[in-house]
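Peer 1: Need coordinates for the following:
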Amino acid sequence: MESVLTLKVKEAECDLYFPESIDDVLRFSYKFNDYYVLAGGSNIIAGRVRKPVLFMGGMVSSSLTEDTGDNTVKVFMPASATIGSLIDYSVKNGLSGLEFMAGIPGTVGGAVYGNATPAGNSWAGVTGGVHIVKGGEVSTFVPKFSYRKLDNVPEQPFVIYGIDLILLKDTSENVRKRVIYYISRRINIRYPSAGSLFKNPGKEKAGVLLDKAGLKGYRVNDAALSENHANIVINRGKASYLDFEKLFNHTRDKVKDEFNIKLEPEVKFWND
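Peer 2: So this is what the prediction gives:
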């Protein structure tokens, strides 16, 4: 049975649930019709959270591998698995297709849900199925992706608990070399970060627009845009939710005023 922790911080109060099995997730999704799901939390900025929160990051589950022939392997990967552990698994087993995710934070479920990848890549080529729990029932669908989005998800709320990945057989050494290459291209961020603050608006790059608007390094108290990349939001120490909200509103409005382009958030703001 899942354990429950009531979290109280200033005016925020929520029940945090820790499932130990898929049965716990089924019971939770049947009991509640409005909730948040938390795993890695790498792109979440949380304020006053009062909904129940299901923490999937600690749930123990195993990967399953099936040789499908034609030089491919189907791998069931728990949604709570970190990207780092997925890359390690790929290197160890000589499975190619996700090297471009090396060095990216977060979990598999969150990355698939947001189609979160470096520019020019997508989960579309490697994701065969998404397993979810909704309303106390389990189902699976074949995903369709667009920029920073899993298009054909059911109506919220639901829980992604596993992903079927279709990967190519290779040697561990070949996969390792490509992983090292992609890691070498990552920007070094000195502070805790929620990643990109904004989505790229069409062919424009949000980071370029923010830079041109003179916003690289802009900060509201300890909430700031990185000096290394104008679209990377960081916490320089003790930034509050309100600091990040003011940072978001100011930078969005400045870009709108200067370029008549409205930027959409890539990070998730939790405040209800």
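
Peer 1: any low-confidence regions in the stretch 151-272 of the chain?
Peer 2: Judged against pLDDT under 70, the stretch 151-272 of the chain has no low-scoring part.

Peer 1: ok, 90 please
Peer 2: For the stretch 151-272 of the chain, applying pLDDT under 90 flags the ranges 186-190, 202-203, 271-272.

Peer 1: Output the contacting helices and strands for the helix or strand containing Tyr17.
Peer 2: For Tyr17, the element it lies in under DSSP states H and E is strand 12-18. Packing partners of strand 12-18 (3 or more C-beta pairs under 8 Å, 6 or more residues apart in numbering; DSSP states H and E): strand 3-9, strand 53-55. From N, CA and C alone the C-beta is placed, and that goes for glycine too.

Peer 1: so which helix or strand takes in the nearest residue to Ser21 once chain neighbours are set aside?
Peer 2: Spatially, and ignoring its direct neighbours in sequence, Ser21 is nearest to Met59 (7.7 Å; C-beta to C-beta, 6 or more residues apart in numbering). Assigned by DSSP H and E, Met59 belongs to neither a helix nor a strand.

Peer 1: follow-up on the earlier one: tell me which strands the strand holding Tyr17 pairs with, and in which orientation.
Peer 2: Taking DSSP bridges as the criterion, strand 12-18 forms sheet pairs with strand 3-9 (antiparallel), strand 53-55 (parallel).

Peer 1: that older thread, the residue nearest to Ser21 and Gly162, how far apart?
Peer 2: 11 Å (C-beta to C-beta, to the nearest Å).

Peer 1: Mind listing the shared neighbours of the two?
Peer 2: Overlap of the contact sets of Met59 and Gly162 (by C-beta atoms under 8 Å, 6 or more residues apart in numbering) consists of Pro78.

Peer 1: Name the residue in those two with the higher neighbour count.
Peer 2: Taking neighbours as other C-beta atoms under 10 Å, Met59 and Gly162 compare with Gly162 leading, 24 against 20.

Peer 1: Not counting its neighbours along the chain, what's nearest the more buried one?
Peer 2: His131 (4.0 Å).

Peer 1: beta partners for the closest residue to Phe141 other than its chain neighbours?
Peer 2: Setting aside the residues directly before and after it, Phe141 is nearest to Val130 in space (C-beta to C-beta, 6+ apart), at 5.8 Å. Val130 has these beta-bridge partners by DSSP bridges: Phe141, Ile163.

Peer 1: pretty sure the residue nearest to Ser21 is in contact with Ser80, am I right?
Peer 2: Yes - counting by C-beta atoms under 8 Å, Met59 touches Ser80, with 5.2 Å between them.

Peer 1: re the thing from before, would you single out the least confident of the helices and strands packed on strand 12-18?
Peer 2: Among the helices and strands packed on strand 12-18, strand 3-9 carries the lowest mean pLDDT, at a mean of 50.

Peer 1: okay, now Ser80: neighbour count?
Peer 2: 24.
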